[in-house]
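**Q** The sequence and its predicted three-dimensional model are supplied below.
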Amino acid sequence: MIAYLIRRILYAIPILIGVNLLTFSLFFVVNTADDMARMQLGMKRVTPEAIEKWKQQHGYDKPLLFNAHAEGVRKISDTIFFQKSARMFAFDFGSSNDGRNVAREIQTRMMPSLAIALPTFLIGLLIYITFALLMTLFRATALDMLGVSLCVLLMSISGLFYIIGGQFVASKLWHWVPISGYASGMDSIKFVLLPVLIGVMGSIGASSRWYRTIFLEEIGKDYVRTARAKGLSELRVLFRHVLKNAMIPILTGVVVVIPLLFMGSLLTESFFGIPGLGSYTIDAINAQDFGVVRAMVFLGSVLYIAGLVLTDISYTIVDPRVRLQ
Amino acid sequence: MPVILWTDAMIYLLLATVVAAALWIRKRPHLALPWQRVAKSSVGMVSLLLLSLFVLVGLIDTMHYRVALPEKSNGQTVYSVEVLSVFDAFAQGIKSRTEKTYSAPLAAYLYAKESMETLEGKIRRDYPRLRYGGAHLADPQRELLGDVLKRTGIGALEGLLIGVLLIVVSNMLFHFFVKLRAVWSSTGLEISKDNWISTFTRAMKNKPLRALLITALLIAMLLGITVNLAAVYHVLGTDKVGQDVLYLALKSIRTGLVIGTVTTLVMLPFALLFGIAAGYLRGWVDDAIQYLYTVLSSIPSVLLIAAAVLMMQVYIEMHPEWFETSAARADLRLLFLCLILGVTSWTGLCRLLRGETLKLRELEYIQAAQAFGVSSSRILTRHIVPNVMHIVLIAVVMDFSSLVLAEAVLSYVGVGVDPSTMSFGTLINSARLEMGREPMVWWTLAAAFGFMLVLVLAANLFADAVRDAFDPRLNRA
Amino acid sequence: MKSDSSLNQLSSLTSSPSEIERGEFILNVDGLVTCLNNGARIVDDISFRIKQGETFALLGESGCGKSMTALSLMRLLPDGIRVASGDIKLEEEDILALPEYAMRKIRGGQMAMIFQEPGLSLNPVMTVGDQIAEVLTLHQPMRSKEVHLRCIELLEQVGISDAPRRASEYPFQLSGGMKQRVMIAMAMAGQPKLLIADEPTTALDVTIQAQVLKLLRDTQQKTGMALLLITHDLGVVAQMAHQVGVMYAGQIIEQASRDQLFARPAHPYTQKLFAALPDAGRSGQPLAAIPGNVPPLGAPRIACRFAPRCDKAWALCHEQVPEWTQLENGQGVRCHLYTSQKGSEKLNLETSRFFDSSTANGVGEEGKGAALLQVENLQVHFPIRKGILQRTVGHVKAVDGVSINIPEGRTLALVGESGCGKTTVGKALLQLITPTAGSVRFAGYELMGMSAKQLRKHRAGMQMIFQDPYASLNPKMRVAEILQEGMDALSIAKNSDERQRRIDELLEQVGLEKASKWRYPHEFSGGQRQRIAIARVLAVNPNLLICDEPTSALDVSVQAQILNLLKSLQQQLKLSYLFISHNLAVVEYLAHEVYVMYLGRIVERGTVQEVLHAPRHPYTQALLSAVPRIDGQGMKIIRLPGETPSPSHPPQGCHFHTRCAQAMAECREVYPSETIISATHRVHCYLAAK
């Protein structure tokens, strides 16, 4: 089992290299540094000198992969690829266009992101599974039909609607909570409440339906019939047998996203003015700050791969077949 | 001058594919069987009717042209730089009646107060009358409600009448064709006793047909009302620069459809080819393809799309010489967005297909073919592809709605369609900034969300009907 | 299966099942009707009674409603199926009238059930002990300390060694036979008065089946519970049942004591079922196959349901539903033969005709053709990869040095239990799996090491018929396209006219209508599909057919049709067969020579007579004795302990010594070499060498 995990972790290395190469080619091969500089400085009336200056300032004045003019190791290291892409492996993300250290920025912005994403994730999971279990319990009845129809309706509504509508109703109409903003410590609760609620609402339809499908799949299996033949009540069958087995497919989809919670949510954070990584990313996109976007892409894939490894570990907890083989 | 934009070409291609597939399926009973199951689902058929209305609007909006300008230069006709569609011609009325700025649905006055000179020559701040909305009324404050109600009633009645007429005509046509076929196949004796009314009553015993009929009549009434009101009012109000929101919403449909369908068209070849190649050939091909899609899916999709769109944006900005018209540029950007969405979303389907192919390749009919020495390419095309098509179809219809929803989010984030392209995302984005106003400018948002909800809900329900009909696990008996 | 034990001797049944004190009726089922929600009756007016300590067998082919009857008793019917009417009484308890919470006390308490697939019927993420404990805490007031002890006690009672350790293991760590034992332990935990066993051994190998059946009998003897045994296997019925109900299309069509039924089956269907069973006694003549197929569940009930397939049916049978008739000896039957005047006339004519099957000699003409296929030391090894770098740490020796010779026009049977590598041999011969080593000479050409292109030239000669007729035909292709595929790939017919003619000819040859070529596989039943699969391979004019369990997925009555077809094709076309099977009765009927395989190696080979009637290897002997026979007697039962070891770690020395009662010291050290018994009979065993 340990060998299995080590193998999974080792497999992450070529993946990360692939991600790195992909982003590198996306950012530096499709467009040259000159193009980027011209974009930043405004399209019209840019002097070549201004472009050179910008490139120098931001460290783009180097060859892509191989520096023939440099000495020794610097032939490799004094290149855009090494400076901008390879150094990300050491979580050195350089600085953004406005000169701030991206790594530090990420560190400070992680907490607010997590303050929204984590409760959303946990409360959501609890609600979706409960809802799905209820539908499963009343399967093939009018109640189940109603639940599924509701799910389809809810998942057909745009996520933007939940945010805009929620903000309007809760903040503007009823004045429950402030419309946006953030504070640290205990004060954060009043800011966090609405985003979390909306985040949970946003995927209640799709998720509950998905879990219901998983439960229904499990409930049709032979061991469930055995459990009923023992004389167990339907609730105990559901909780002791079905839920335990359904954890395996559920974990597959759920554990992967846990590390990604650090990244926050783009929409929620920007609507509610929360200084997390999500709004950071959006701001960077709008300001066309490539350095930050590149850093976020890399960070995202690192976290995703961490999620994959975590998923493997979680299997060993719930599935004895993985644990003992 | 007709103009075929890139996405137009894609839509025509898609249309041709669908028509060809339909003809192909019609002759093959085992392929038609699941579709017959779809036809038996009331929900499926009603949602299909709604969807086809959207598609109709989208298709009309796809036929683009440029108007020839009256003056000629050097004997050559000069065309306007504005690319119009047939839909624009249809909707000329509501398109051209622009107001100054916001106005509420069915309003006769502008949203914002203006300084006006009264007859007495005093300056007064008040809501001015609209240039077009309710312009025919002498005293809107008294007459507006009555007029709206009257037009609603007339519109509903007209719509209902036209709807009934259409149904009667189509029923008679259908009856006529059935008879014609019966005569041709020389078994006409039994059917010839029927008249078209009995054909109709028999059809009404069919539950989906009944549901379809009721929906069609309701839609006809709604259309009648809308047409009647839109002639003199802004049914869904106007936006900041006074454009009719109904027009904008209808124009957005095409964008949504393009994103929902062209994206899958783009990703399908990748997913299908890579998925079954990895599953069937195994070995290093499998390793390489798995590596590829793990890399692609390990980047959070919004970020990958954002990065790719940013790069594309720079690229397009750097090459303004490529585009004759701004529409062509916006269109290429839309196409690129579809491409990028396709490239980032093929991994899921690819993984599904790989798994299914792994299962299929162990099946005995594949081994029987191998025992005959049938070549791999032939096994793939004759045995594997037909047996994974149901997965592809289910994935395509399920993806459609999520892509339509994704467009709105991406446009909001700033990595969606060109700001000049009308889409649900740009509509929401522009309206969102006016949320803070008192009184609220709610109609643009409501229109965008409403249209999107109907489209996505119909797509979701149809997708469910298709999945239920095609899923082998649900149709074992 | 001894050739001299014909059915005439059925009256002298003596052996198992044991005669224990049978008491009062425990279960009373009266007029049970179970319906689909659309009203189709899948269990149609069934009545039977079971006494304490008695085994009642419900016998029937797939889809006849026997499992649904069992689930109706437990009130565990799937969604969409419900009991429409009838009366079920367990002692004094009216099962159908009980509220759900009271029913839960009955389930697992008074009435327990075990299922067909032990692998799927246990919760994979719960330990075995926990699953048994669940029943204990539910039905008996016990403290947790007691519960654990009782669990271990129960596991020991069902013959699981090292019970304390096993109790804390998960189902995937147990073998199939052990899982079924656990299921039985779980069922016994509630001390039920009635145990329902739904095909409890169908998924198991014969040697394991024998163990589990014995366990059920012993348990019954100890506890005096009643047993409702649901099975399709006449052999199992013969071994286990006191009373038998024969089901057909949702109804019990005959009910009798086991002795009565085996001595004198009354219903034409039951008679046919016996006649359709292959054995050596009939290998000279075709089997009495029942034409047609089992009707679908819930077919309308206007006439006798068996009438369309019955050769004794007359007008009345197609018009009127036969009533339940009690014969003088207590036997009950649902057939017009016993109710009407015309019937009894027909009956007098018929009775003398049953059981007159002559004891023809087993094997056909002895004329041996030239060798068509010569296999020398065939090996198929699959690497086992482990560790971080996935290095190959060993090999699963699925096939480990098999040599086979098949002459023209003969049938060679490859016999063994699941996992012994027999299917791998078949696929390796066709080069569907690349063999690791050895030589495969077919019609004089060495196939090993040939390129795919060269191989194609020889493909036509050797073809395969697969086990599962539902998986062996592409559902998206018409029958004509399926038949054409091989012809196209191997360029058999020149033009499309010729191809179409050939397709018509083939369909006729396998007994299908010409019109069926425009249809798709899903429109055909299992037996018809297998016919299409046979036509598909015949299309390329092969000399050798590798038949991989071609009838194991089929019902007995349909199996006979396919066996007859294979036999007649062999005579017409001078085909050779490599017949891979675990079913010794089928092998005995069809084969000329038999090779017995154990853990990748041939342990014994010879003619049918030699191997099946004078086996020398202890494994062959045990295999033969484990097959439940319908005559209930046969040879002394040799029970094999344990189960087949994994082929990745075959035991040192003779692979079989771990399960062999006669194993000696030398068996544990070196694999025995071949001992020649006769010109055709060879065996790998030290016992035979002495």
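**A** Arrived safely, thanks for sending.

**Q** Spell out which residues of the stretch 201-325 of chain A are next to chain B.
**A** Residues of the stretch 201-325 of chain A that fall close to chain B, judged by C-beta under 8 Å from any C-beta of the partner chain: A:260, A:263, A:266-267, A:281-282, A:285-286, A:288, A:290, A:293-294, A:296-297, A:300-301, A:304-305, A:308. Every C-beta, even on glycine, is put in place using the N, C-alpha and C of the backbone.

**Q** ChimeraX command to pick out the buried ones of those residues?
**A** Per 16 or more other C-beta atoms under 10 Å in any protein chain shown, the buried members of those correspond to this ChimeraX selection:
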select /A:260,263,266,267,281,282,285,288,290,293,294,296,297,300,301,304,305,308
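
**Q** Tell me which of the residues of the stretch 201-325 of chain A next to chain B fall in helices.
**A** A:260, A:266-267, A:281-282, A:285-286, A:290, A:293-294, A:296-297, A:300-301, A:304-305, A:308 (DSSP state H).

**Q** how about residue 256, what does it touch?
**A** With no chain named, the answer covers chain A. Listed by C-beta atoms under 8 Å, 6 or more residues apart in numbering or on different chains, the contact partners of residue A:256 are A:304, A:307, A:308, A:310, A:311.

**Q** look at chain C instead
**A** C:243, C:244, C:266, C:330, C:331, C:332.

**Q** Quickly run through the sheet partners of the one helix or strand it maps to, with directions.
**A** Assigning secondary structure by DSSP states H and E places residue C:256 in strand C:251-257. In the sheet, strand C:251-257 lines up against strand C:243-248 (antiparallel), strand C:332-334 (antiparallel) (DSSP bridges).

**Q** which residues of chain B score low on pLDDT?
**A** Along chain B, segments meeting pLDDT under 70 span B:185-196, B:199, B:436, B:473-477.

**Q** hmm, I was thinking of chain A
**A** A:39, A:42-45, A:65, A:76, A:185-186, A:325.

**Q** Which part of the stretch 51-200 of chain A gets nearest to chain B, residue-wise?
**A** Using C-beta to the nearest C-beta, the single residue of the stretch 51-200 of chain A nearest to chain B is residue A:156, 4.0 Å away.

**Q** Next to chain C, which bits of chain B? Give me the list.
**A** Listed as neighbours of chain C in chain B under the rule C-beta under 8 Å from any C-beta: B:29-31, B:363-365, B:367-375, B:378, B:382-383, B:386-387.

**Q** The residues you listed also near chain A: which ones?
**A** Okay, of these, nothing touches chain A (C-beta under 8 Å from any C-beta).

**Q** And the helices in the stretch 51-200 of chain B?
**A** Assigned by DSSP state H, counting those that start in this stretch, the stretch 51-200 of chain B shows helices spanning B:86-90, B:92-96, B:140-184, B:188-191, B:196-204.

**Q** Chain A: which of those is closest?
**A** Nearest of the helices of the stretch 51-200 of chain B to chain A, taken as C-beta to the nearest C-beta: helix B:86-90 at 23.5 Å.

**Q** Using CSV, write down the CA coordinates of that closest one.
**A** In CSV, the C-alpha atoms belonging to helix B:86-90 read as follows (Å, rounded to 0.1, in the frame of the first residue of the first chain):
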residue,chain,number,x,y,z
VAL,B,86,-31.7,37.5,-41.2
PHE,B,87,-32.9,37.7,-37.6
ASP,B,88,-31.9,41.4,-37.5
ALA,B,89,-34.1,41.9,-40.6
PHE,B,90,-37.0,40.2,-38.9
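
**Q** mind putting the strands paired with strand C:251-257 in a markdown table, mean neighbour count and mean pLDDT included?
**A** Formatted as a markdown table, the strands paired with strand C:251-257 follow (neighbours: other C-beta atoms under 10 Å in any protein chain shown; pLDDT from 0 to 100):
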| stretch | mean neighbour count | mean pLDDT |
| --- | --- | --- |
| strand C:243-248 | 25 | 93 |
| strand C:332-334 | 23 | 90 |
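
**Q** could these be laid out in CSV, adding distance to residue C:174?
**A** Shown next, in CSV, are the strands paired with strand C:251-257 (distance: least, C-beta to C-beta, whole Å):
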stretch, distance to residue C:174
strand C:243-248, 32
strand C:332-334, 41
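
**Q** which parts of chain C sit against chain A?
**A** Neighbours of chain A within chain C, by C-beta under 8 Å from any C-beta: C:74, C:76, C:79-80, C:101, C:104-109, C:112-113, C:115, C:117, C:120-127, C:134-135, C:138-139, C:170, C:172-173, C:183, C:186, C:190, C:386-388, C:390.
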